[in-house]
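S.K.: only the shape, not the letters, is given here:
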């Protein structure tokens, strides 16, 4: 509606309101809503609302009262006291008229909301709301025929308004000073509220809708108290007394949903509202005859709201009082605990049908954890009698719980939707939490229990039950795998016929039993390390299931870990492993990840061979496998149909949309090579002082040299005809790093010159070049200071290569990974051998690098900027006994110190982000503590900052520099810099502090 349009008359407005509820096009409804919204903001909206409320249609009345709420929320300050009192009287009149008219109630409900809004804005004019409403309705409802009707209409009217007020006020910050008077006004009505609600809860003869309204009002009162942090004092006594009435309603055969919902709210959100006496009364009711009837309905699978709510009430009460119930030995307390235990036997599958299973398990986990804390006896003492009783309840709960998570037959599971399946699996995990809590109470006894259950189920061929027992046994691995007291018990399972049965052809074994058995081996790897007797059977099972897609990955992971950790028990069987690998690969089309892990596992076994010649022979055979894959990849790249993928090519393994077949196969080859390198790493059986260990002797046998030549040949050959990808570069770097931490000669411990020759052949256009520079960093780190001089040529070559790469970048931000790793590499050279860097020839390379880092410092990329800041921090603080080095440092600082300060000033003056300030503060502190000239450099830098880009005066910047200088690099410098940055950025960034 435009300002020059004639305002619509009352009939037109009525038509607009009704059109919103009619099946009109969306654009018509939106246009009409906009017109009506504009009308609500006009000065005439007050009189319009009154006129609309005098029309017969409820929808029109509803819009009228909605308009009054809008006006109250936007223009209440403009109303005089006289106008406000007049409005209140009119609202109460409309309210009485609407309630007594016996329509749908939506208008009366909305008027109660309007009265609540009036109270929020004019609580000073309306202090005794409930008394006023009662008196007002006595006058307005004189025409009602029955006094009984008038009485309950009045209760309903007052209850609705009170509920709205409590809900509206609970949404406000009642602890704020401007809401203090509102808060006090609400509290001043608590006595009247208690009388009103007591009348509404008298019970016999009170209409059901009045009872429900009263209960909902009490619930709103509880929520108000919680939000307003009113948890005690005399003001709460009326509400506390009302809870007696609520508890009495639980004695009824059907207490109603609202009663149970209210009690749940109190127990979950404010249990302190109940007195000890009320809690005892509630305990008696929950264990009484009527409750027992409801409880039996619950166990039988009752799914109606009231029955399930009753179950939640049981759980809420038990959760809140679990410590008290634990220590009570009387019949009522023990009966309630038994009821909570028996909830675990309710009909139906957890989550799918039994909605209370998960919260019941959570209760028992909490109960067991609390009991574990309480059961710790005094020195020389024994547990209290109640503790043994509570422990017995926990053990019985575990006995019932695990049976509920036994998987049903496949046809039942297949009928569940994805949420139900996921929920059932999560419920199983919750049971594991309970078992682990129980382990803290009984120790290995629970492992014995589930081992026995598994063996009994295997013997009787109860496969689903066996799966459940083994799942629980696997869940206990976090507690039991390092506990040698459990080894004898676990031996009975791992020496049982289980593994043999799972490998028999024709056995109708559920797939889940195979899955859980494989997972069990993986979870108890530590056991097999201590008990190698059962290793062969476990490995044989794992190899036998590699062809099953659902468990092959888990099986391969277990094989790799077992072979790595138990290599000294297995190295004599390396030929058998090679044969098993050949057997499972041929014709099965294993996923690449599975194949890669198995190759790595065999390499681990081979690493333990003491005969170096034989060890190299096995390594050579593994590399044969990699070479075959590289040849296959090159054949595929040539377009030949003479070969195919070595894997199954399933979507889980190969996505043709993301990579071509040749690249997929070459990545498989490189990852296999990386796994071989990982396998040939020595186990760290004992801590080593790395500073006392020289790099492994680079002199190798001709056989080892031949292997290393083949490895580098593979790394160089892989990109040929196929092209390089960033992922290929990354995996190649993993291969190179394999020997960096080794302390003895090995096939993957490469000579420094070989590593350098390989790295320096790549240029800036190489995909993933940053990974190669990062590998150079790792190589430099692996060198001990005692042997740095021997590697001078190699390190200088790497340094020149890295600076050359940075020089090839048109801008630092073009490859942030290369920029960051390049600066990091030079920083490591500076730390290891500063002379190699500072005496680098030609000097132009060094000059370029320093200027490059200054450009990075004033850039926007956070990671390169952090690397540059760290480099300058190290450089500024560098002290060397080599005078040539020290002179070079001094010369560079004299030349570049002012430029460095300008870069730092720009960042600290607001250009940097808050997260970067910590790193940028470090070079400032070093400058101040190491270079007296920094006072002049920093003063000039901050003095020349552009005034239009920084919200500080010249005097403030000068004072800041003086503060920084006076702190002489102390930690508090960081805070001073942060405060200056904040003032430079302006108040809009105050949140950042």
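M.R.: Nice, I can see it. Owing to the predicted nature of the structure, the values given are computational and were not obtained by experimental measurement.

S.K.: just give me the neighbour total for residue 135.
M.R.: Around residue 135 there are 13 other residues, counting by other CB atoms under 10 Å. Bear in mind the C-beta positions are built from the backbone N, C-alpha and C, glycine included.

S.K.: ditto for residue 745
M.R.: By the criterion of other CB under 10 Å, residue 745 has 15 neighbours.

S.K.: again with the one 5 residues further on
M.R.: Neighbours of residue 750 under the rule other CB under 10 Å: 22.

S.K.: in a strand, it, correct?
M.R.: No. Counting by DSSP: H, G, I helix; E, B strand; the rest coil, residue 750 is not found in a strand; it is coil.

S.K.: how about the backbone phi and psi for it?
M.R.: The phi/psi pair for residue 750 (degrees, to the nearest 10) reads phi -90, psi 150.

S.K.: cool, residue 968 as well?
M.R.: Summarising the backbone geometry of residue 968 under the convention degrees, to the nearest 10, its torsions are phi 50, psi 40.

S.K.: which ones are touching it?
M.R.: Counting by CB atoms under 8 Å, 6 or more residues apart in numbering, residue 968 makes contact with 928, 929.

S.K.: where's it relative to residue 931, distance?
M.R.: Spatial separation of residue 968 from residue 931 under the definition CB to CB, to the nearest Å is 12 Å.

S.K.: then residue 100?
M.R.: Distance, residue 100 to residue 931, by CB to CB: 89 Å.

S.K.: cool, residue 183 as well?
M.R.: In this structure, residue 183 lies at 60 Å from residue 931, with CB to CB as the measure.

S.K.: what strand or helix carries the spatially most central residue of the chain?
M.R.: Among the residues of the chain, residue 426 comes closest to the average C-alpha position under CA atoms, centre = their mean, at 15.9 Å. Per DSSP states H and E: residue 426 is located in helix 418-442.

S.K.: thought residue 167 was touching residue 221?
M.R.: No. In terms of CB atoms under 8 Å, residue 167 does not count as a neighbour of residue 221; the distance is 9.9 Å.

S.K.: what about the two, which has more around it?
M.R.: For the pair residue 167 and residue 221, the greater number of neighbours falls to residue 221 (26 against 18), based on other CB under 10 Å.

S.K.: contacts only, for that one.
M.R.: Taking CB under 8 Å, 6+ apart as the definition, contacts of residue 221 comprise 166, 193, 239.

S.K.: what about the first one, neighbour count?
M.R.: If I follow you right, that is residue 166. A count of nearby residues for residue 166, using other CB under 10 Å, gives 24.

S.K.: please apply the same query to the one 4 residues further on.
M.R.: Taking other CB under 10 Å as the criterion, the count of residues near residue 170 is 18.

S.K.: contacts only, for residue 967.
M.R.: Contacts here follow CB under 8 Å, 6+ apart; on that basis residue 967 touches 928, 973, 976.

S.K.: pull out the buried residues from stretch 74-88.
M.R.: Neighbour-count burial for stretch 74-88, with 16 or more other CB atoms under 10 Å as criterion, is recorded at 79, 84, 87, 88.

S.K.: any idea how far apart the tips of that stretch sit?
M.R.: In stretch 74-88, first residue to last residue: 17 Å (CA to CA, to the nearest Å).

S.K.: what does stretch 607-618 give?
M.R.: Its first and final residues considered, stretch 607-618 spans 9 Å by CA to CA.

S.K.: so what pLDDT did residue 984 get?
M.R.: pLDDT recorded at residue 984 is 87.

S.K.: would residue 775 count as being in a strand?
M.R.: No. The secondary structure assignment for residue 775 gives helix rather than a strand, going by three-state DSSP.

S.K.: go ahead and confirm it touches residue 737.
M.R.: Yes. Between residue 775 and residue 737 there is a contact under CB under 8 Å: 6.2 Å.

S.K.: give me the more crowded residue out of the two.
M.R.: It is residue 775, of residue 775 and residue 737, that has more neighbours when counted by other CB under 10 Å, with 24 against 19.

S.K.: look up how far residue 776 lies from the nearest residue to that one once chain neighbours are set aside.
M.R.: Excluding the flanking residues, the one nearest residue 775 by CB to CB, 6 or more residues apart in numbering is residue 733, at 4.3 Å. Taking CB to CB as the measure, residue 733 and residue 776 are separated by 10 Å.

S.K.: check contacts around the residue nearest to the centre of the chain.
M.R.: For residue 426, the contacting residues are 351, 358, taking CB under 8 Å, 6+ apart as the criterion.

S.K.: go on, residue 789?
M.R.: Contacts for residue 789 (CB under 8 Å, 6+ apart) come out as residue 833.

S.K.: A strand includes it, no?
M.R.: No. Applying three-state DSSP, one finds residue 789 to be helix, outside a strand.

S.K.: per-residue pLDDT, it?
M.R.: 82.

S.K.: residues near residue 178, how many?
M.R.: Other residues near residue 178 number 8, with proximity taken as other CB under 10 Å.

S.K.: one more: residue 238?
M.R.: Here the count is done by other CB under 10 Å, and residue 238 has 17 residues near it.

S.K.: and it, what element?
M.R.: In this structure, residue 238 is located in helix 237-249 according to DSSP H and E.

S.K.: how far is that helix from where the chain is centred?
M.R.: Using CA atoms, centre = their mean, to the nearest Å, we find the averaged C-alpha position of helix 237-249 to lie 41 Å away from the chain's own average C-alpha position.

S.K.: over to stretch 162-180?
M.R.: So, by CA atoms, centre = their mean, the centroid of stretch 162-180 is 34 Å from its chain's centroid.

S.K.: repeat for stretch 473-481
M.R.: In terms of CA atoms, centre = their mean, the centre of stretch 473-481 is found 24 Å from the chain centre.

S.K.: ditto for stretch 931-941
M.R.: 47 Å.

S.K.: what's next to it, contact-wise?
M.R.: Counting by CB under 8 Å, 6+ apart, stretch 931-941 makes contact with 876, 893-894, 897-898, 900-902, 904-905, 924, 927-928, 958, 961, 964-965, all of which sit outside it.

S.K.: where does pLDDT dip in the stretch 51-200 of the chain?
M.R.: Counting by pLDDT under 70, the stretch 51-200 of the chain shows low-confidence ranges at 102-104, 141-148.

S.K.: and the helix holding residue 238, average pLDDT?
M.R.: Averaging pLDDT along helix 237-249 gives 90.

S.K.: quick one: which of the contacts of residue 967 is nearest to residue 918?
M.R.: residue 973 (10.9 Å; CB to CB).

S.K.: quick check: the closest one touching residue 925?
M.R.: Yes. The pair formed by residue 973 and residue 925 meets the contact definition of CB under 8 Å, at 5.1 Å.

S.K.: and residue 304, backbone torsions?
M.R.: phi -70, psi 160.

S.K.: can you count the residues close to it?
M.R.: Using other CB under 10 Å, residue 304 is surrounded by 10 other residues.

S.K.: same check on residue 326?
M.R.: Summarising burial for residue 326: neighbours were counted as other CB under 10 Å, giving 20.

S.K.: how about it, what does it touch?
M.R.: Here residue 326 is in contact with 337, 367, 370, 371, 374, 386, 390 (criterion: CB under 8 Å, 6+ apart).

S.K.: before we move on, which element is it in?
M.R.: Mapping residue 326 onto the secondary structure by DSSP H and E places it in helix 322-327.

S.K.: what's the answer for residue 85, then?
M.R.: Short version, using DSSP H and E: residue 85 is in helix 81-100.

S.K.: who are the packing partners of that helix?
M.R.: For helix 81-100, the packing partners by 3 or more CB pairs under 8 Å, 6 or more residues apart in numbering; DSSP states H and E come out as helix 58-75, helix 106-122, helix 129-140, helix 147-170.

S.K.: for the stretch 401-550 of the chain, which residues score under the pLDDT cut-off?
M.R.: Scanning the stretch 401-550 of the chain for pLDDT under 70 picks out 506-507.

S.K.: one more time with 50, if that's ok
M.R.: Within the stretch 401-550 of the chain, no stretch falls below the threshold (pLDDT under 50).

S.K.: helices along that one, start to end?
M.R.: With DSSP state H, counting those that start in this stretch as the definition, the stretch 401-550 of the chain shows helices at residue ranges 410-413, 418-442, 445-459, 463-475, 477-480, 487-494, 498-502, 511-523, 525-530, 535-544, 549-565.

S.K.: with that, I have no additional questions.
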